[in-house]
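S.K.: coords please:
(2 chains)
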Protein chains: 2
Amino acid sequence: MEDMNKATAVANPNIAFIKYWGKAHEALNLPANPSLSMNLAGLTTVTTVEFRPGLAADSVVIDGGPAQDQARQRVVAHLDRVRALARTDRRALVASRNDFPAGTGLASSASAFAALSLAASRAAGLVLDEGALSRLARWASGSACRSVVGGFALWEGDDDETSFAHQVAPPSFWDLRDLVAIVGREHKGVGSQQGHGLAATSPLHAARLEAVPGLLARALDAVQGRDLATLGPVVEADALAMHGVMMTSRPSLLYWLPATVAVLQAVRAWRKAGMDVFFTLDAGPNVHCLCEAARADEVEGRLRRVPGVLDVLASGPGGSVRLVDYDLF
Amino acid sequence: MEDMNKATAVANPNIAFIKYWGKAHEALNLPANPSLSMNLAGLTTVTTVEFRPGLAADSVVIDGGPAQDQARQRVVAHLDRVRALARTDRRALVASRNDFPAGTGLASSASAFAALSLAASRAAGLVLDEGALSRLARWASGSACRSVVGGFALWEGDDDETSFAHQVAPPSFWDLRDLVAIVGREHKGVGSQQGHGLAATSPLHAARLEAVPGLLARALDAVQGRDLATLGPVVEADALAMHGVMMTSRPSLLYWLPATVAVLQAVRAWRKAGMDVFFTLDAGPNVHCLCEAARADEVEGRLRRVPGVLDVLASGPGGSVRLVDYDLF
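M.R.: Here you go, the predicted structure:
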């Protein structure tokens, strides 16, 4: 079994219907509020980890090149967590590849750390249940705990022991589609990790948090009832509330580009004309457009004609993080 | 004295540094919070009013055509207030002309009702002091009370008697410039009057109101110290907070266009490169850019090169509402 110390995992990013923005505990990534998301099929991070005896240091390759500075540090810190759990001091070879643009509000750290958590824990000989794996992923990147879980995921819990994601409904439950209008590929100036720390500087942050429980309850009911007409307005409201918080934090975070607004206005105009499509945005300029499967081709075609839209990624409910039998080495 | 019953007044719109959004009393236009503004020189509404014996109904002409529906009703309702004060039942001929686009977040109702208040009250034989005139204008349109006052105006007060604007500094005190990037000329779908009523439906509204006193105190100090570096961030913060409230009200008000964001991002980029320029927005897509006089030509030139900017209106501190010796008939 020469591969006993090696494992490869695939994970999807996720789109939050109720957002995670701001932390209750900085180092532990305990969120200021519970959140609800859907994993995004077809968008993947694949990560291979091998703990190899005799290595002097971890080697981390992302998308074909050595990981730089902060990205490398976050991976090494996460390997340290796995080493502590597995009681090993072996260094690792890590290779990771994304098939979608990173750092543009597409939750690349979510899929990255979900995949790393599964690959590294298995390569270190650990078999963690879903909750433990979600909790491990959370330590690296809060939203990664949701990408561990397939389909529709609720991240709740009060403390380090209980804060992880669990499944609300499997991918097959509702063929909801997410058409992601890509309007910018540049890496954002202020990443989510830094942004979370700014949330509390906004005078609107506490008010958004107070509104979350009501919105979350409605969103959960809507997912469980496959009710887009109820889910959509709730999702838009919380996305705009989060961006209101971002814009009014100090420093102010304005993630939108001109084409972001073009898509937001287009979606509202289409809806006014009778088409059920709703938007949400993560910490970036790209716009996620939610619709039923029967509308997906039409929405994608329309999005491609909005000025400033560079590409459209078509996705639906994705599976959990999973092991695969190939590797990236 | 055949013109005794006729008067013509000129007023400027104003740009708020601390915004008025949401009312404490609907019919009386008592605001949810105090606000601070600068009148805008060069942008004018001119209004002539004549109370003429024997007229069966008020005649209201705006920009060359008969006023329609709600616009007419608001003018007639204001003439009724003046008639009540002057104890007359004569009907009036009203002609009004704007030299800037109305209904696009340029506070056209502010200049309109400031000019109407002065012209109508004088035509009815009333000589009101500035406070009384500001209060009269407030009854028609809240922000109009600020356009009555020249230069930099603070609108505060707790009840119908005390709620009006007064001068913080005259126009000559600080040659602050406002370059208004016009990015849309279409009349907005939801006007300010309707929008005010929606403010309380936003979960962020109360939080913005709580932040206002601190921001207002800093903005007042900054105006009195001619301190743009302090004023600018406060003005941006409150404008974005107001738009956060608007976007999260029910229904959601998204006044921005793609070019709105292009200007916001451009202003931030210029500032990062060392140029002191700051933005604010009213209830519309156009962006007001504040800078010192020495920078105004440079900022105007740059704004004209931002994609989607249709025109730039250059303004500075404007005077109070005032009588003129010509008329529009």
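
S.K.: State which one residue of chain A is found closest to chain B.
M.R.: Residue nearest to chain B within chain A (Cβ to the nearest Cβ): A:Gly244, separated by 2.7 Å. To be clear about C-beta, it is placed using only N, CA and C from the backbone, and glycine gets the same treatment.

S.K.: just for the stretch 51-200 of chain A, where's the confidence low?
M.R.: Counting by pLDDT under 70, the stretch 51-200 of chain A contains low-confidence residues at A:101-107, A:187-189.

S.K.: OK, contacts around A:Phe100?
M.R.: A:13, A:43-44, A:106, A:108, A:313 (Cβ atoms under 8 Å, 6 or more residues apart in numbering or on different chains).

S.K.: Mind doing that once more with 10 Å?
M.R.: A:12-13, A:40, A:42-45, A:106-108, A:111, A:180, A:182, A:311, A:313, A:315 (Cβ atoms under 10 Å, 6 or more residues apart in numbering or on different chains).

S.K.: picking up where we left off before, what's the spacing between the nearest residue to the residue of chain A closest to chain B once chain neighbours are set aside and B:Ala259?
M.R.: Spatial nearest neighbour of A:Gly244, excluding adjacent residues (Cβ to Cβ, 6 or more residues apart in numbering or on different chains): B:Gly244 at 2.7 Å. According to Cβ to Cβ, to the nearest Å, B:Gly244 stands 20 Å off from B:Ala259.

S.K.: And these two? Which one has more around it.
M.R.: More crowded of B:Gly244 and B:Ala259, by other Cβ atoms under 10 Å in any protein chain shown: B:Gly244, with 29 against 24.

S.K.: quick one, the helix or strand encompassing the more buried one and helix A:228-247 angle?
M.R.: Element membership for B:Gly244 (DSSP states H and E) is helix B:228-247. Relative orientation of helix B:228-247 versus helix A:228-247 (axes from the mean of the first three to the mean of the last three Cα atoms, to 10 degrees): 170 degrees.

S.K.: Packing partners of the helix or strand containing A:Gly214?
M.R.: Per DSSP H and E, A:Gly214 falls inside helix A:205-224. Identification of packing neighbours for helix A:205-224 by 3 or more Cβ pairs under 10 Å, 6 or more residues apart in numbering or on different chains; DSSP states H and E yields strand A:14-18, strand A:35-39, strand A:152-156, strand A:164-169, helix A:228-247, helix B:205-224, helix B:228-247.

S.K.: Following element in sequence after the last one, please.
M.R.: Just to be clear, that refers to helix B:228-247. The helix or strand immediately downstream of helix B:228-247 is helix B:258-272, counting by DSSP H and E.

S.K.: Compute the inter-axis angle for that next one and helix A:258-272.
M.R.: Angle of helix B:258-272 versus helix A:258-272, following the same axes, to 10 degrees, is 160 degrees.

S.K.: is any part of helix B:258-272 close to chain A?
M.R.: Yes - against chain A, helix B:258-272 shows contacts by Cβ under 10 Å from any Cβ of the partner chain at B:258-265, B:268, B:272.

S.K.: Would you mind pulling the contact partners of the helix or strand just after that helix?
M.R.: Next helix or strand after helix B:258-272 toward the C-terminus (DSSP H and E): strand B:278-280. Strand B:278-280 is contacted by residues B:15-19, B:178-179, B:181, B:228-229, B:231-240, B:242, B:260, B:263-268, B:271, B:287-291 when judged by Cβ under 10 Å, 6+ apart.
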